[in-house]
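*Asks:* Return a 3D structure for these sequence lines:
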Amino acid sequence: MATPTRRGAPTVAAHTSHAMRTLRMPYLLADTGVRIDGAPVRSPHAETLKRRLTHKCWPSPSGA
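*Replies:* Next up, the predicted model:
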């Protein structure tokens, strides 16, 4: 996924970076909830959504 640059610092491909940025928002909304009419509201499926996003974005090295 990451390739070295001339200075040795790894870079991330543009499509990978965009995907990670895009998936960060639903994770944040699931984690913190949203405000509707000033009252915070959390999704009943927040933990499941966060777990699945984490698994897709940062899979475990063992593949489990």
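
*Asks:* For residue 39, list each beta-bridge partner.
*Replies:* Applying DSSP bridges to residue 39 gives these bridge partners: residue 36.

*Asks:* and the gap between it and residue 33?
*Replies:* 10 Å (Cβ to Cβ, to the nearest Å). Bear in mind the C-beta positions are built from the backbone N, C-alpha and C, glycine included.

*Asks:* ok, those two, which is more surrounded?
*Replies:* With neighbours defined as other Cβ atoms under 10 Å, residue 39 and residue 33 compare such that residue 33 has more, 14 against 8.

*Asks:* you'd agree the more buried one is up against residue 43?
*Replies:* Yes. The criterion here is Cβ atoms under 8 Å, and residue 33 meets it with residue 43 at 7.5 Å.

*Asks:* Mutual contacts of the two, please.
*Replies:* Counting by Cβ atoms under 8 Å, 6 or more residues apart in numbering, residue 33 and residue 43 have no shared contacts at all.

*Asks:* what distance separates the lengthiest helix in the chain from the centre of its chain?
*Replies:* In the chain, taking DSSP state H as the definition, the longest helix is helix 14-32. Taking Cα atoms, centre = their mean, to the nearest Å, one finds the center of helix 14-32 at 4 Å from the center of the full chain.
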